[in-house]
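J.: Here is my input; please provide its structure:
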Amino acid sequence: MAAAAAPAAGGTTYAVYRATGLGRAFTETLHELLSEHELNNDQVISSLLTFDRVFNAQMEARTPANKLAMEGQLQHYRYFDGVWQMEINDAKFTGAEGTLYSPKIKIVACAAVGKGKRARR
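T.: Numbering: from 1, shown residues only. Next up is the predicted model:
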């Protein structure tokens, strides 16, 4: 699933977090409210764009600044519309807080703009 970019005051945000459990629950609730005529289409779109902007901001604020090393077997990768998707088997992440292992992991990465300059890829 390619992430749709949504314009925001501080830069670009991505709708990729709508696929999380929280995002799916929020989207389903908005669709229920729309079908019950509690919200109109403009309110639903505005709510989704606000969700995208706030979720992206929170992820940026909560991301640790330390470095992380990753090992594993790259099973599949794809780049489309500014979004990288990678599937990795036997993934091992090592950082300042220790080591984490996962038999299979999918990584979705989008280009980001950070604090007045373009982030490195």
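J.: pLDDT weak spots in the protein?
T.: 1-13, 63-66, 112-121 (pLDDT under 70).
J.: who's Ser102 bridged to?
T.: Under DSSP bridges, the beta-bridge partners of Ser102 are Ala91.
J.: excluding its backbone neighbours, what's nearest Leu30?
T.: Spatially, and ignoring its direct neighbours in sequence, Leu30 is nearest to Val44 (4.9 Å; C-beta to C-beta, 6 or more residues apart in numbering). Bear in mind the C-beta positions are built from the backbone N, C-alpha and C, glycine included.
J.: With Ala69 instead?
T.: Looking at Ala69 with C-beta to C-beta, 6+ apart, the closest residue is Thr94, at 4.6 Å.
J.: tell me which strands and helices the longest helix out of those in the chain is in contact with?
T.: Counting residues, the longest helix in the chain under DSSP state H turns out to be helix 41-62. In terms of contacts (3 or more C-beta pairs under 8 Å, 6 or more residues apart in numbering; DSSP states H and E), helix 41-62 is packed against strand 5-8, strand 11-14, helix 21-35.
J.: on that earlier part again, what's the burial count for the residue nearest to Leu30?
T.: Val44 has 15 neighbours, counted by other C-beta atoms under 10 Å.
J.: what does Ala69 give?
T.: 9.
J.: Make sure I have this right: it is in a strand.
T.: Yes. Checked against DSSP: H, G, I helix; E, B strand; the rest coil, Ala69 lies within a strand.
J.: how much space is there between it and Phe51?
T.: Separation of Ala69 from Phe51 (C-beta to C-beta, to the nearest Å): 32 Å.
J.: next one: Cys110
T.: Here Cys110 is placed at a distance of 16 Å from Phe51 (C-beta to C-beta).
J.: out of those two, which sits in the more crowded spot?
T.: Phe51 (20 against 17).
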